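Participant: show me the folded form of this:
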Amino acid sequence: MKLDAVSILPDDAERAMLIGRLWVPGPMAGPSPVCISGGQVHDLSRLAPTCSDLLNADGAAAAVRRALADGSVPVVATLPEALAQSAADSVSAQRAHFLAPVDLQAVRACGVTYVASMLERVIEEQAKGDPQRAEDLRRAIGDEIGAEIKSIKPGSPEAMRVKASLIKRGLWSQYLEVGIGPDAEVFNKAQPLSAVGVGAEVGILTSSSWNNPEPELVLVINRRGQIVGGTLGNDVNLRDWEGRSALLLGRAKDNNASCAIGPFIRLLDDSFTLDDLRHTQIDTEVTGDDGFRVQGGYNVAQISRDLPDLASQAINRNHQYPDGLVLFLGTAFAPTQDRGEPGKGFTHHVGDEVRIRSPRLGTLVNRANYCDEIPAWRFGMSELMRNLSGRGLI
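Facilitator: So this is what the prediction gives:
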């Protein structure tokens, strides 16, 4: 797995305020918020003991810049060495390596936010998780309703007229409800501290025969509901499980190492604004040990709901997050190429390398493996509190 600074950093890294989380080895080993500057990794734990504290502070970007300028945030690793030691086969508690750049924040996700993914969810539902039925359904459903819903604004009077028409024709679906209805789908993707970072393995279930990566923009939102940054995510999806029943969504989405976030959070500032997030380009490449390769890309500008709208549907007066949250925004990437037997479509093989790239956010790289073969998640909230206390950070 190639994890070098040139391929991982954003194209304009010298202008970007990049926040990560690093396992810092030594006598007082533990996870620390870090910033990346000039090819070096600076420990921010004395400025803020957790990424949640840092990102909930007023003027986080300005505070980090001041700390860099006055030299109060020590260098704990070079970027090349920390990246090289973050590949799954190289990770060790005795060496610095990157973790997911979030810690105490809730990890939530929106689904069915792009027309392409909405149609794929309808297909999954109709196919009952059987990939062999999916191709015929893909053509039929696309011909029937694809053009009809392509430009509809969710929740609009036009959307409600289309909804009534589809119900009359027996084509309505729960996925169309959240795709063009007034209320977005927002669900819990993972538990705080369970996400994995750049270089880690991502998990699929041995019982799943139809699954794929879901490359997504991830909003970083503070406790006040403000979007303060963005990063990339892989919302690993078990299409057969969710296709069998929408009530299996939680089982399909939240498994060991099934959520990857990174490589770093880019904070909003004068060089990177909310409008830049709205126009994020996301390109994905999956390569397998069997020689299989699939590529695809999309722009977040294709999304059916605006970013602040999705954020406000997740955090509001009805639902607060005192530690902040990160919000996956759904994907327009849905690989359908056959891999092996005709009609079976795409599914992961163990060893697949997934590279999710955005010019302004960098590259998130992970490798697929079975959930029960990946090291178990053991560093939870209690362990973090004990660790921070032992290091004198809280």
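Participant: tell me the phi and psi of His349?
Facilitator: phi -110, psi 150 (degrees, to the nearest 10).
Participant: what's the closest non-adjacent residue to it?
Facilitator: Nearest non-adjacent residue to His349, counting by Cβ to Cβ, 6 or more residues apart in numbering: Gly288, 5.1 Å away. Where you see a C-beta, it was placed from the backbone N, CA and C, and this is true even at glycine.
Participant: just give me the neighbour total for that neighbour.
Facilitator: Gly288 sits with 16 neighbouring residues when counted by other Cβ atoms under 10 Å.
Participant: ramachandran angles for it?
Facilitator: Torsion angles, degrees, to the nearest 10, at Gly288: phi -110, psi 160.
Participant: tell me who's in contact with it.
Facilitator: 339, 349, 351-353 (Cβ atoms under 8 Å, 6 or more residues apart in numbering).
Participant: for Cys371, give me its contacts.
Facilitator: So Cys371 contacts 203-206, 255-258 (Cβ under 8 Å, 6+ apart).
Participant: actually Ser312, not the one I wrote
Facilitator: Gly225.
Participant: give me the buried positions along the helix or strand hosting it.
Facilitator: Using DSSP states H and E, Ser312 sits within helix 307-314. Neighbour-count burial for helix 307-314, counted by 16 or more other Cβ atoms under 10 Å, picks out 307, 310-311, 313-314.
Participant: residue boundaries of the helices in the stretch 101-250 of the chain?
Facilitator: Ranges of helices in the stretch 101-250 of the chain, per DSSP state H, counting those that start in this stretch, are 115-127, 131-141, 147-149, 157-168, 174-180, 239-244, 249-253.
Participant: what's the closest of those helices to Pro25?
Facilitator: Pro25 lies closest, by Cβ to Cβ, to one member of these: helix 249-253, at 32.3 Å.
Participant: next structured bit after the closest one?
Facilitator: Proceeding N to C from helix 249-253, the next assigned helix or strand is strand 259-267, under DSSP H and E.
Participant: after that following strand, which helix or strand is next?
Facilitator: Per DSSP H and E, strand 259-267 leads on to helix 274-278 as the next helix or strand towards the C-terminus.
Participant: and that next one, average pLDDT?
Facilitator: Helix 274-278 shows a mean pLDDT of 98 in the predicted model.
Participant: related to what we said a few turns ago, out of the contacts of Gly288, who has the most neighbours?
Facilitator: Of these, with other Cβ under 10 Å as the count, Asp352 tops at 24 neighbours.
Participant: contact partners for that one?
Facilitator: Asp352 touches 286-289, 367-368, counting by Cβ under 8 Å, 6+ apart.
Participant: so which of those residues comes closest to Ser32?
Facilitator: Arg367 (25.0 Å).
Participant: okay, the closest one and His97: tell me how far apart.
Facilitator: Per Cβ to Cβ, to the nearest Å, Arg367 is found 15 Å from His97.
Participant: settle it for me: which of those two has more neighbours?
Facilitator: Taking other Cβ under 10 Å, Arg367 and His97 do not tie; His97 has more neighbours (27 against 18).
Participant: quick one, phi psi at the more buried one?
Facilitator: When read as degrees, to the nearest 10, the backbone of His97 gives phi -150, psi 150.
Participant: tell me which of the helices of the stretch 101-250 of the chain sits nearest to Ala69.
Facilitator: Across the helices of the stretch 101-250 of the chain, Ala69 has its closest neighbour in helix 249-253 (41.9 Å, Cβ to Cβ).
Participant: how much distance is there from that closest one to the middle of the chain?
Facilitator: On the basis of Cα atoms, centre = their mean, to the nearest Å, helix 249-253 sits 15 Å off its chain's mean C-alpha point.
Participant: go through that helix and flag the buried ones.
Facilitator: So for helix 249-253, counting by 16+ other Cβ under 10 Å, buried means 249, 252-253.
Participant: then stretch 115-128?
Facilitator: Buried residues in stretch 115-128, counting neighbours by 16+ other Cβ under 10 Å, are found at 115-127.
Participant: please enumerate residues in contact with it?
Facilitator: 111-112, 133-134, 137-138, 141-142, 145-146, 149-150, 173-176, 179-180, 239, 242-244, 246, 298, 302, 304, 330-334.
Participant: not counting sequence-adjacent ones, nearest residue to Leu384?
Facilitator: Nearest to Leu384 is Leu193, by Cβ to Cβ, 6+ apart, at 6.5 Å.
Participant: wait, Ala29 touches Ser92, no?
Facilitator: No. With contact defined as Cβ atoms under 8 Å, Ala29 and Ser92 do not form a contacting pair (10.8 Å).
Participant: out of the two, which sits in the busier spot?
Facilitator: Ala29 (15 against 10).
Participant: which residues touch the more buried one?
Facilitator: Ala29 makes contacts with 23, 93, as judged by Cβ under 8 Å, 6+ apart.
Participant: separation between it and Ala190?
Facilitator: According to Cβ to Cβ, Ala29 and Ala190 sit 24 Å apart.
Participant: repeat that for Leu83.
Facilitator: In terms of Cβ to Cβ, Leu83 sits 23 Å off from Ala190.
Participant: what is the rounded mean pLDDT of stretch 316-327?
Facilitator: Regarding stretch 316-327, the rounded mean pLDDT is 97.
Participant: picking that back up, the residue nearest to Leu384 is in contact with Ala106, isn't it?
Facilitator: No. Using Cβ under 8 Å, Leu193 makes no contact with Ala106, being 10.9 Å away.
Participant: more neighbours: which of the two?
Facilitator: The neighbour comparison of Leu193 against Ala106 (other Cβ under 10 Å) goes to Ala106, with 22 against 19.
Participant: follow-up on the earlier one: of the contacts of Asp352, closest to Pro263?
Facilitator: Using Cβ to Cβ, Arg367 comes nearest to Pro263 of the contacts of Asp352, at 14.5 Å.
Participant: could I get the contacting residues of the nearest residue to Arg251 once chain neighbours are set aside?
Facilitator: The shortest distance from Arg251 to any non-neighbouring residue, by Cβ to Cβ, 6+ apart, is to Trp241 (6.1 Å). By Cβ under 8 Å, 6+ apart, the contact set of Trp241 is 129, 205, 208, 248, 251-252.
Participant: quick check: the gap between Trp241 and Ile180.
Facilitator: On the measure of Cβ to Cβ, Trp241 and Ile180 end up 24 Å apart.
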